[in-house]
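S.K.: Quick one, fold the following:
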Amino acid sequence: MLDDQVLGVLEEGYLRNREAFPDIDCRFDYAGGKAATAEEALAGRFIQKEVMNRGRWLVNGPNVLYELLCTPEKTEQTERIKKETAERDKKDLDSGKQLPDKSVVWVPCVDTLYLRNVSYSLRYGPSTLAATLFNKTDNDGAGIRITPFNLDFLGPDEYSSPASYFRDARARQWPANFDGTKRINGVDTLIARVGPSLEATFGFDPARGYLLVYFSYMNAESGNAYLEAYVTEARECSGDRWFPMRTVVIDNPGSSPPFNVKEVTVLELDVDAEPHADRFRLELPAGVHVVKAGGSEAAGYDWEEIRHRETMRIDDLAALDKRCVEHGRRYRDQERKLFDTDGETLGRSGSRSVLVIITLLLAVAVVWLIVRNRRH
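M.R.: Predicted structure coming up:
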């Protein structure tokens, strides 16, 4: 069992550096490729490499604007696949072929955007013209997963950070071991293993503010690592702060080469200037459906349709929440009025018309469900 004092030193050192960046203005590339060996990947020598997304990460305290956008080449590939799928589905429908209730269409890339303040988080996916509005108590299972601090190995919004693991270990929810200092990628690294089967390994560089420079996660049954993550470059910032500039993740490092590799490389960085509030905004085109998280089929959903192009700013999210609630209530009221029938008012002469209307509505609903399931 790792001594609580050692655990506390590692946690405090990590958080001191990680939380020392209240302001971030960062642009980065997210790439994928293959490398012959782990050493080649860490050195940046790839058999093949392709930039998949361009990232923008703007932070001012609780305010966040995040964009992970496909490159033009990936966007073109995605649109071509979507067009070919739609044409094939139309051809099948025209020929009388029944489409499956649900299907998955693989696309090489999708855009992801977030706008956040202390109370709300708006997630927007341009490819589906859909957005979800979360309040601070809602669970966003997707979250922001790719940043210079987290190349999708600490979970959404760094939920599975070292500090989270260490807090649970101190509460005796699972064991933790300190393995001392190990030389990893040329860096003297303090190593701690945490988790129910000690499956998560964290490596910190005390010479660079306890920056997390190594991470691995193993299969508890086989002992093989699912992935290994390395910070290969870091920039010293004002106030003795360290910001990761290049991170590499190697998938299944115990498998046969070549290895699948992911990489985040910072292109531009400013952590000293406070970003102006006007820079935190999202453009929502007409046709976007904003759904408020937390609804259910039984209780109904609160939602709003963007009818004209709108610029959403940090201070607009509370009003958007209210719009979703009011529109959802009106929509459910209209549904109840539509489906509530009063025998005395309608009489026998109206019953046949009601049946026709209900039949048509059911037919429309079936078509809508088919289209919805095909899209999702």
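S.K.: quick check: domain ranges of this protein?
M.R.: The record's domain parsing of the chain by automatic domain parsing lists 4-71+109-278, 349-376.
S.K.: Kindly compare burial across these and name the winner.
M.R.: With neighbours taken as mean count of other C-beta atoms under 10 Å, these reach their highest mean count in domain 4-71+109-278, at a mean of 17. All C-beta atoms are positioned from the backbone trio N, CA, C, and that covers glycine.
S.K.: for it, what is the average pLDDT?
M.R.: For domain 4-71+109-278, mean pLDDT rounds to 95.
S.K.: Gln77 touches Val110, doesn't it?
M.R.: No: assessed by C-beta atoms under 8 Å, Gln77 is found out of contact with Val110, at 11.5 Å.
S.K.: what's the closest non-adjacent residue to Gly143?
M.R.: Spatially, and ignoring its direct neighbours in sequence, Gly143 is nearest to Pro156 (2.5 Å; C-beta to C-beta, 6 or more residues apart in numbering).
S.K.: again with Leu317
M.R.: Spatial nearest neighbour of Leu317, chain neighbours left out: Tyr120 (3.8 Å); criterion: C-beta to C-beta, 6+ apart.
S.K.: tell me the contacts of the one you found?
M.R.: For Tyr120, the contact set (C-beta atoms under 8 Å, 6 or more residues apart in numbering) comprises 133-136, 317-318, 320-321.
S.K.: Ok, Ser164 next?
M.R.: Ser164 neighbours (C-beta under 8 Å, 6+ apart): none.
S.K.: change the start of the numbering to 32 and stick with it
M.R.: Done: numbering now begins at 32, and the last item shifts to Ser195.
S.K.: can you give me the helices for the protein?
M.R.: Listed in chain order, the helices of the chain (DSSP state H) span 35-49, 69-73, 103-125, 193-201, 348-370, 374-406.
S.K.: Would you mind writing the CA trace of the first one as PDB?
M.R.: Spelled out, that is helix 35-49. Extracted in PDB, the C-alpha atoms of helix 35-49 (Å, rounded to 0.1, in the frame of the first residue of the first chain):
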ATOM      1  CA  ASP A  35      -0.700   8.500   2.200                       C
ATOM      2  CA  GLN A  36       2.000  11.100   2.600                       C
ATOM      3  CA  VAL A  37       3.700  10.100  -0.700                       C
ATOM      4  CA  LEU A  38       0.400   9.900  -2.400                       C
ATOM      5  CA  GLY A  39      -0.400  13.400  -1.100                       C
ATOM      6  CA  VAL A  40       2.900  14.800  -2.500                       C
ATOM      7  CA  LEU A  41       2.300  13.400  -5.900                       C
ATOM      8  CA  GLU A  42      -1.300  14.600  -6.000                       C
ATOM      9  CA  GLU A  43      -0.500  18.000  -4.700                       C
ATOM     10  CA  GLY A  44       2.400  18.400  -7.100                       C
ATOM     11  CA  TYR A  45       0.300  17.300 -10.100                       C
ATOM     12  CA  LEU A  46      -2.600  19.600  -9.300                       C
ATOM     13  CA  ARG A  47      -0.400  22.600  -8.500                       C
ATOM     14  CA  ASN A  48       0.800  22.500 -12.100                       C
ATOM     15  CA  ARG A  49      -2.400  21.400 -13.800                       C
END
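S.K.: Right, I'll call it a day here.
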